[in-house]
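In: heads up, no residue letters with this:
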């Protein structure tokens, strides 16, 4: 039985140990956040340029993960890009394999630490904290990176200090624990659970390396825990795939399957050939000093991930086929909901998150454009199929605005760069316009339904005028949506001049209809429908102007849409020439 003093000493040592783990994880998060925010745009471009070459995919996956020190973050980024349609499953699979190799860098750094290295890291941590007071964002990010890297080693030193593992009571406690759970499958389970809880295989492996260096965890048992950590790290990707489309779920399944196969293979080898494996690691790094003990675990971690990748790289196609067989494509309605999926975990990589938002907003734009195109057809050729199509599109744009708007608000409230903040603001503006365009398109369809149900008819002159207005609005919709999807602010002059022409058409058409009413050529019932149509067409034109204005704002980093549009209307000869061209193109008879 332990005395009360010994119990207090044991509790104090465990608190010290947990504090070290906490500081280590905080350091990992700091460093990862800094690297993701500063390098996310470059990583995105790198990932998007991936070809179908498997070896380049492995290299890119390893490189990105080595930079951000998180295979989970790389996996989540890949899931986001697959979900957005930027990357195929065949391209994503080698990147996932490479991510496992990249995550071994942390283990190597942990194993190499010594007194001089620790002194450097402590200095780096202090310098990073001081840099955090700077005004420039780049300096702050560099400070976050330095302090994170420093805190990793501060945490490791706390864990390996005399106050933690140096206490004989702690050593005896862990010795007793590992005497009970020395069965390989139990050790793998411990590694998987611990990694799933902290969501970082790098951190879990770092803790295992430190425990081996402190002499409280035998090498042969540590190897199984490291294997388990590689399974536990899949939890983040699996969680990220929840609610995603089928291909994104397949990426997470491939990641999990890859690590399970590798773990099973190495478990069998170590279980059968435990002594030769341990003797090999000892022969590479002989000696009983902490660094040698730690490097053995680190070496195994590298060998495991590299070997597993080399073994399974030739079977990328089979892994993809397996994932497709397990996860079937959903029904059309479910796929529509999947298309609105935005991964909350991408919030930690704003550039990737914003790109995903842009893809989703582009999908929303297509729905709004489809709803207008169908409404123009339904006005004089109403049918139940067009009615259904327009109502479905209107409901979809409502869902898009709700989910995408909420996500962009969260993203805007996080720590993001000025450029990312401007893009988020632009997207928030335009999705509201897309949703309203869809609403007005539905109203146009309802006017068509009323004309059909009441057997009302406009005069030939009125129909001709509506055709002119509808064609003009159709062109401004196409121009504004093209401007958004291609980030082309140069179309602003065309859109603004056309929008002014549409305003003029509306006023002339209102006047002409009043004259027809006075002559008795039109009924009051058609007059109400006419007024609603003019309003809805003109409002759609206004929202198109807003969309292009938001694109111009983003290009010039100015959030004042109305100021930008006024400037365009005063832009001189180009605007006047364009206005004249559209006035001639869309003339009333």
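Out: Perfect, thanks for sending it. In this text the structure is predicted, and so the values were computed from the model without any measurement. Residues are numbered from 1 along each chain as shown.
In: Any buried residues in the host helix or strand of residue 553, and which?
Out: Using DSSP states H and E, residue 553 falls within helix 524-556. By 16 or more other CB atoms under 10 Å, the buried positions in helix 524-556 come out as 526, 529-530, 532-534, 536-555. Every residue, glycine included, has its C-beta placed from N, CA and C.
In: Next: stretch 355-374.
Out: For stretch 355-374, by 16+ other CB under 10 Å, it's 355-361, 363-365, 367-374.
In: same question, stretch 139-146
Out: 140-146.
In: Next: stretch 197-207.
Out: Here stretch 197-207 shows 198-207 as buried, counting by 16+ other CB under 10 Å.
In: Rebuild those residues as a markdown table, extending it with pLDDT and distance to residue 454.
Out: Below are the buried residues of stretch 197-207 laid out as a markdown table (pLDDT from 0 to 100; distance: CB to CB, whole Å):
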| residue | pLDDT | distance to residue 454 |
| --- | --- | --- |
| 198 | 72 | 67 |
| 199 | 69 | 62 |
| 200 | 72 | 66 |
| 201 | 75 | 68 |
| 202 | 74 | 69 |
| 203 | 75 | 70 |
| 204 | 81 | 71 |
| 205 | 83 | 74 |
| 206 | 80 | 75 |
| 207 | 82 | 75 |
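In: wait, which of those residues is closest to residue 502?
Out: Taking CB to CB as the measure, residue 502 lies nearest residue 199 of the buried residues of stretch 197-207, at 53.2 Å.
In: quick revisit: residue 256: which of the buried residues of stretch 197-207 is nearest?
Out: residue 201 (12.9 Å).
In: and the gap between residue 238 and residue 231?
Out: 11 Å (CB to CB, to the nearest Å).
In: of these two, who's got more company?
Out: residue 231 (22 against 16; other CB atoms under 10 Å).
In: Please enumerate the helices of the stretch 301-450 of the chain.
Out: Taking DSSP state H, counting those that start in this stretch to define them, one finds helices in the stretch 301-450 of the chain at 316-326, 332-338, 350-378, 384-413, 418-453.
In: Of all those helices, which one is nearest residue 7?
Out: Taking those one by one with CB to CB, helix 384-413 is closest: 45.4 Å.
In: For that closest one, what is the distance to the chain centroid?
Out: Relative to the mean C-alpha coordinate of its chain, helix 384-413 is positioned 19 Å out (CA atoms, centre = their mean, to the nearest Å).
In: Can you give me the buried ones in that helix?
Out: So helix 384-413, judged by 16+ other CB under 10 Å, has buried residues 386-387, 389-394, 396-397, 399-401, 403-404, 407-408, 411-412.
In: how near is the most far-flung residue of the chain relative to its centre to residue 459?
Out: Distance from the C-alpha centroid of the chain, by CA atoms, centre = their mean, peaks at residue 519 (61.1 Å). Per CB to CB, residue 519 is found 10 Å from residue 459.
In: do residue 250 as well
Out: Taking CB to CB, one finds residue 250 at 58 Å from residue 459.
In: Who has more neighbours out of the two?
Out: residue 250 (26 against 13).
In: which residues sit in contact with the closest residue to that one other than its chain neighbours?
Out: Once flanking residues are discounted, residue 250 sits nearest to residue 323: 3.7 Å by CB to CB, 6 or more residues apart in numbering. For residue 323, the contacting residues are 89, 250-251, 253-254, 257, by CB atoms under 8 Å, 6 or more residues apart in numbering.
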